[in-house]
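[1] coords please:
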Amino acid sequence: MRGPDDAVAETRRDFDEVISIGSDVLGQVQTTIESLLRTWNLYQIGIALALLLLAHILRAVLGPRIRAWMGARHDWPKWRLRILAIIHQRLRAIFFVGLIWATILIMREVTWPSRSYLLSIIGTLAFAWLTIVFLTRLIKSPTLRKFVRYGAWAYVTLLILNLLEPAEQLLESAGFTVGEIRFSLLLLIQALVILGVLITLARFLTKTTSSRIKANEDISPSMQVLIVKGVQVAFYGAAFFLGVRALGIDLTGLAVLSGAIGVGIGFGLQKVVSNLVSGVIILLDKSIKPGDVISLGDTFGWINSLGARYVSVVTRDGREYLIPNEDLITGQVVNWSHSNEFVRLDIHFGTAYHDNPHDVRRIAIEAAQSVDRVLKNRNTVCHIVNFGDSSVDYILRFWIRDPTGGLTNIRGNVYLALWDAFQENGISIPFPQREVKVVGGEMQKPATPT
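    Predicted coordinates for the structure are as follows:
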C-alpha cells in the first residue's frame, strides 16, 4: 500500500522530469536562435521579410481589381462566388507563398541548397498554414473553426520544426497519477482532439439521419421525434465511449466513483429525470405530437416541438411557452386535435320574446354558415336552452377544422354575422330592464331630536 512519502517522492520525480525536459526544449530553442543569427540565415530572414512586403504591395494593388472583377460575375453560382471571396481574403498569404517558393526554386538552381534551407522551412510553414485556413472554412461553427485552426497550426509547426517529440514528452511529464490512470496535459489535449472529432462525426450522422427520418411520411410525428432522440443518444453515447477507450482509460476502475456520483446526481436532478422520463412516455403513448393544438390552464396554442425536458407551445400572440413534460403527464391537457382536426365551438345569445324562435334558429344557422372558416359539410345547429327573465336563450353550435387559426376570432366573426342578420330581419337582442314602483303615500320624515 502506498504511503504519503511515496506520493511525495513520485510528485518530486514528476517535477524534476518536467524541469529536465523543459531545459532540453529551451536548449533546442536557444540553439535554433543562435543558428538564426548566422550571416546567411539573416540574409534568408531578410529575403522572407522582403517577399512579405512585396506580397502586401501586390495585395494592395491587385486586390481592388480582383474584387471589381468578382463583382461583375453576378451570373456565377453562389458556391463559386463564396470560394472567390475566401480567396480574396487571403490574397496576401497566397502571394507570399507563391513568391517564396519561386524564390526557393531559383536559389536552388543558382546556389547551394543549404542557403535556402531556412526559406524552405518558412515556405513550408506558410503553405501549411494557408492550407489549414482553407480546410477549416468547411467548419460552420466559428468557435470550433478557431479551435481546430489554432490546434492544427500548433501541430504542423511543431512537426515541421522537429519539435513534436520533445513537446509530447513535456506535456506527458506535466501530470499526476490516480491509481493506475495517468492524467497529463498530453492526455487532456488528446481527449479534446479525439472527442471533438468523434462528437463532430456523431453530430453530422445525427443530422443526416434525422433529416431522412423527418422526410419519411409513413412515420408519425411523435415516432419521428422518439426515433431521432434515440439516434442522438446512440451516436453521442458511442462517440463518448469510443473516445474514452481510444485514450486508454479503463472505465471499470472508475465504476465505484461513477456509481457514487450517479446516486448524488440522481437525488439532485429528480425533476430533470422526471421530465426526461415523462418526455419518453409522451412520445410512446402518442398523446400529443408536433402540430397539435392544446390548452393547459391559461395557455392555448399549438405544439412547436417536443424536447427532452419540455414541450414548446406557441400561442396566437407569438409567445412561446416551455412547458415541462411532467406537467403534461400529471395535469389535465385539452388536445383539440388529438384524434382528428375537427373542433366544435358553442356560442350563446338571446332574443326578445316577441321574435319567432323558428325564424331565429334558421337565421342563426344561415349566419354562422356564411362565415369562411365554418364547415358547411358538418351540421350547424341552434337550440333553445332557457326562457330567461328578459330573453329567450339559444346556443349555436358549429364546426371548424383549423384550431391553429384561433378560436376567439372565429367566435367574433360568427357573433358579427349574427348581428348583421338580426338587424336585416328585425330581430332584437334584449337587455335586462327593471321597473321600480313606490307603493303607498309620502315617505315619513325622521323625527327631530329634542
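[2] just give me the neighbour total for Ala367.
    For Ala367, the neighbour count with other CB atoms under 10 Å is 24. For every residue, glycine as well, the C-beta is placed using N, CA and C.
[3] how about it, secondary structure?
    Taking DSSP: H, G, I helix; E, B strand; the rest coil as the rule, one finds Ala367 in the helix state.
[4] ok, it - contacts?
    Applying CB atoms under 8 Å, 6 or more residues apart in numbering, we find Ala367 in contact with Val414, Ala417, Leu418, Asp420, Ala421.
[5] what pLDDT is listed against it?
    For Ala367, the model assigns a pLDDT of 93.
[6] do Ile194 as well
    77.
[7] check Asn425 too.
    pLDDT, read off for Asn425, is 92.
[8] state the distance from the closest residue to it other than its chain neighbours to Val414.
    In space, and not counting its chain neighbours, Asn425 is closest to Ile363: 5.6 Å by CB to CB, 6 or more residues apart in numbering. The gap separating Ile363 from Val414 is 13 Å, by CB to CB, to the nearest Å.
[9] more neighbours: those two, which one.
    Higher neighbour count among Ile363 and Val414: Val414, with 24 against 21, using other CB under 10 Å.
[10] next one: the more buried one from Ser337, what distance?
    20 Å.
[11] any low-confidence regions in the stretch 101-250 of the chain?
    In the predicted model of the stretch 101-250 of the chain, residues 113-114, 164, 168, 170-184, 186, 220-222, 247-250 satisfy pLDDT under 70.
[12] quick one, helices of it?
    117-136, 142-160, 164-173, 185-215, 221-246 (DSSP state H, counting those that start in this stretch).
[13] count of neighbours near the closest residue to Thr136 other than its chain neighbours?
    The spatially closest residue to Thr136, leaving aside those adjacent along the chain, is Arg149, at 4.5 Å (CB to CB, 6+ apart). The number of residues packed around Arg149, counting by other CB under 10 Å, is 17.
[14] mind listing what Arg149 touches?
    Ile132, Val133, Thr136.
[15] now do the first one against Val148, distance only.
    In this view, Ile132 and Val148 are 8 Å apart by CB to CB.
[16] how about the strands in the stretch 301-450 of the chain?
    310-315, 320-324, 334-335, 343-351, 381-387, 392-400 (DSSP state E, counting those that start in this stretch).
[17] report the distance from the last one to the chain centre.
    Taking CA atoms, centre = their mean, to the nearest Å, the mean C-alpha location of strand 392-400 is offset from the chain mean by 45 Å.
[18] buried sites along that strand?
    Val392, Tyr394, Leu396, Arg397, Phe398, Trp399, Ile400 (16 or more other CB atoms under 10 Å).
[19] now do the last one, the pLDDT please.
    By that I understand Ile400. Reading off the confidence values, Ile400 has pLDDT 90.
[20] quick one: contacts for it?
    Phe342, Val343, Leu345, Arg373, Val374, Leu375, Ile410.
[21] ok, back up a step: so which of the helices of the stretch 101-250 of the chain comes closest to Lys271?
    Closest approach to Lys271 among the helices of the stretch 101-250 of the chain (CB to CB): helix 221-246, 18.9 Å.
[22] okay, the nearest residue to Asn216 once chain neighbours are set aside and Val333: tell me how far apart.
    For Asn216, ignoring the flanking residues on the chain, the nearest one in space by CB to CB, 6+ apart is Gln224 at 7.5 Å. Between Gln224 and Val333 the computed distance is 21 Å (CB to CB).
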